[in-house]
Each structure stands twice: as C-alpha cells, then as structure tokens.
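Asker: any chance you could fold what I've pasted below:
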Amino acid sequence: MTAAVNVDPRASSDPQGGAAAADPRTALRGAAPLAPQAGVAPQGVTASVIPEAALSLPRRAFAKNEHLYRQGESATQAFILEAGLVALTLDALHDRDRVVALAGPGDVIGALTPSLPAYQDGAVALSGEVSVRLLPVADQAAGGARPRELAALLDAAVGEQIVRLTRALEDSAHPVPARVANALLRLGERFGQRMDDGAVRLTLPVTHETLAAMVGAARETTTSIVQQLRRAGLIEGTRGSYRFVPSELSAYASEAVLASR
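Answerer: Below is the predicted model:
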C-alpha cells in the first residue's frame with residue numbers, strides 16, 4: 001500500500017487566498033543546490049535565490065499542508081519558489097498521491113508550458129511557510145516581452161520536470177530498498193550540505209510518511225528500510241536529519257536492484 005501525503009483536505013488551492021501564520025522552525029529560506037560548504041537553510045531570502053526580474057512579480061504565501069495547485073486544474077500560472085519546501089505529487093490512487101520530488105527555493109513549478117491547459121502535477125506546502133512569486137501563463141506567452149532570465153528559468157524548469165517524471169518511471173521498476181536509497185541521494189543532491197570528508201548532511205522537515213510517499217511504499221516498510229540502512233552504517237541520524245556518503249548509498253541501491261533480478 002502506498003503511503004499518503006499528510007495534507008489537510010480543507011487547505012485552499014485558491015491562488016488569491018491567504019495563508020496561515022508562518023512556522024519559523026520549519027520554514028526553509030534561501031536553500032541552495034548542493035555545493036561545497038553550502039548551507040541548506042541560510043537566514044533570510046536573498047535576491048540570489050531567484051532572478052532579479054522575478055522580484056517584481058506578485059508574491060503569495062502558503063501555509064503548511066496547503067495546496068499551491070492540484071493536478072488537472074486549469075493551469076493559470078507558474079510558481080517561482082522563494083522560500084520553503086514543496087512536495088510535487090502525481091495522482092496514484094483515489095485518496096493518495098505519489099510524491100515524485102521535493103522543490104525548494106529557486107525551483108519553478110506549476111504551469112511551465114502555455115500549450116498545456118492543465119497542471120501536470122500537484123504541489124503541497126511541506127514547511128511552515130512557502131513563499132512564491134507568481135508568473136501568469138499570459139505573461140509566459142508574451143514571448144519576447146518577458147525578461148530573458150525568466151524565459152531561461154522556465155525552459156530549465158521544463159527540463160527538470162521531464163527528469164522528475166523519467167526518474168519516477170524508472171524507480172517504479174526497482175525494489176523498495178533501492179527506491180529509498182535513491183530518494184535520499186536525490187534529496188541530498190538538491191538540498192544537502194557537502195562535508196569535508198565527502199559525506200552529505202541532509203536536514204529537511206521530511207517525515208517517514210513523506211519519504212514513503214516518495215518511494216510508493218507503506219510508511220512501516222519505509223521506516224524498516226531506513227532502520228536497516230542505519231544499522232548497516234550507511235546513514236546516520238534520525239528523520240529530518242541524515243548524514244551519509246553518496247557513493248556508499250549508491251552502491252547499496254545498485255546491489256538491491258541486482259539482487260531483485
């Protein structure tokens with residue numbers, strides 16, 4: 001059975017609606033892609049997180065568990081993430097969603113291709129506050145009228161969306177242990193902090209339930225695999241804070257795939 005994303009069904013997806021008060025303990029602000037000595041949650045949102053041209057766009061805040069948009073809804077705008085953590089989901093079962101990736105500051109999600117009338121995935125706020133800049137589809141279709149850096153940002157986001165969907169399809173053929181290892185590796189690649197000894201430190205407000213939704217497994221199964229990885233010395237830490245060596249975790253995932261054949 002696939003784990004569900006823990007989302008309040010009362011949360012609004014109205015792009016004009018308000019948001020609840022922020023929870024500063026879980027809000028990610030200004031997180032950067034993995035880089036030597038890069039932190040995952042510096043204080044404050046800086047102009048370097050998103051293009052300067054995006055700073056003039058309307059801003060919207062979302063509370064934890066609130067939907068930014070839902071799969072299949074009319075695609076009206078792209079969301080340029082300025083702060084916080086978002087789960088990108090695909091409909092799997094009637095009452096459950098499969099999390100295909102997590103998005104953070106600097107990522108662009110939502111309506112990325114004006115020719116597609118509906119959102120191709122869904123997005124749910126995972127952290128205490130998610131701040132975005134809104135880029136309407138009508139402005140995207142303006143072609144040369146949009147700033148070049150926004151156009152480049154959208155083009156890159158389309159490529160990333162294809163990669164996410166491709167990885168989700170590839171992972172579906174792998175055993176759950178390999179999926180868990182790969183999910184941690186990808187989170188570390190995007191949000192982790194590289195240490196001097198080659199290890200990656202990953203600190204995110206991600207529960208075992210969310211991790212289970214990412215790999216398409218029951219929470220109990222996912223928790224058991226995480227415990228096995230910890231006993232084997234492949235990861236250190238507890239939910240929300242992990243440390244691992246990418247090459248060792250990658251080797252484990254490969255061995256799990258080979259063992260299942």
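Asker: residue nearest the centroid of this protein?
Answerer: With distances taken as Cα atoms, centre = their mean, Leu102 lies nearest the centre of the chain, 0.9 Å away.
Asker: I'd assumed Gly188 was in contact with that one.
Answerer: No: with contact defined as Cβ atoms under 8 Å, Leu102 does not reach Gly188; the gap is 11.5 Å. Quick note: C-beta positions are derived from backbone N, CA and C, even for glycine.
Asker: picking that back up, sec struct for the residue nearest to the centre of the chain, please.
Answerer: For Leu102, the assignment made with DSSP: H, G, I helix; E, B strand; the rest coil gives strand.
Asker: list the contacts of it.
Answerer: By Cβ atoms under 8 Å, 6 or more residues apart in numbering, the contact set of Leu102 is Leu85, Val86, Ala87, Leu88, Leu126, Leu187, Arg190, Phe191, Leu204, Val206, Met214.
Asker: separation between the second one and Ser250?
Answerer: Relative to Ser250, Val86 is positioned 26 Å away (criterion: Cβ to Cβ, to the nearest Å).
Asker: these two - which one has more neighbours?
Answerer: Taking neighbours as other Cβ atoms under 10 Å, Val86 and Ser250 compare with Val86 leading, 24 against 14.
Asker: now that one: how far from Pro205?
Answerer: When distance is defined by Cβ to Cβ, Val86 is 12 Å away from Pro205.
Asker: tell me, what's touching the two both at once?
Answerer: When contacts are counted by Cβ under 8 Å, 6+ apart, Val86 and Pro205 have Leu126 as shared neighbours.
Asker: can you list the weak-confidence ranges in the stretch 1-150 of the chain?
Answerer: 1-48, 92-96, 141-146 (pLDDT under 70).
Asker: quick one, helices of it?
Answerer: Counting by DSSP state H, counting those that start in this stretch, the stretch 1-150 of the chain forms helices over residues 137-140, 148-171, given from the N-terminal end onward.
Asker: and those helices: which comes nearest Arg261?
Answerer: helix 148-171 (14.8 Å; Cβ to Cβ).
Asker: that closest one packs against which elements?
Answerer: strand 77-83, strand 96-103, strand 108-110, helix 176-191 (3 or more Cβ pairs under 8 Å, 6 or more residues apart in numbering; DSSP states H and E).
Asker: can you list those in TSV and add distance to Leu116?
Answerer: What follows is the helices and strands packed on helix 148-171, written out as TSV (distance: least, Cβ to Cβ, whole Å):
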stretch	distance to Leu116
strand 77-83	12
strand 96-103	17
strand 108-110	11
helix 176-191	24
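Asker: and the ones you listed: which comes nearest Ala168?
Answerer: Ala168 lies closest, by Cβ to Cβ, to one member of those: strand 96-103, at 4.6 Å.
Asker: what angle separates the closest one from helix 148-171?
Answerer: For strand 96-103 against helix 148-171, the angle by axes from the mean of the first three to the mean of the last three Cα atoms, to 10 degrees is 130 degrees.
Asker: and strand 96-103, what's buried?
Answerer: When burial is assessed from 16 or more other Cβ atoms under 10 Å, strand 96-103 yields the following buried residues: Asp97, Arg98, Val99, Val100, Ala101, Leu102, Ala103.
Asker: so what are the sheet partners of that strand and their directions?
Answerer: Based on DSSP bridges, the strands next to strand 96-103 in the sheet, each with its direction, are strand 86-93 (antiparallel).
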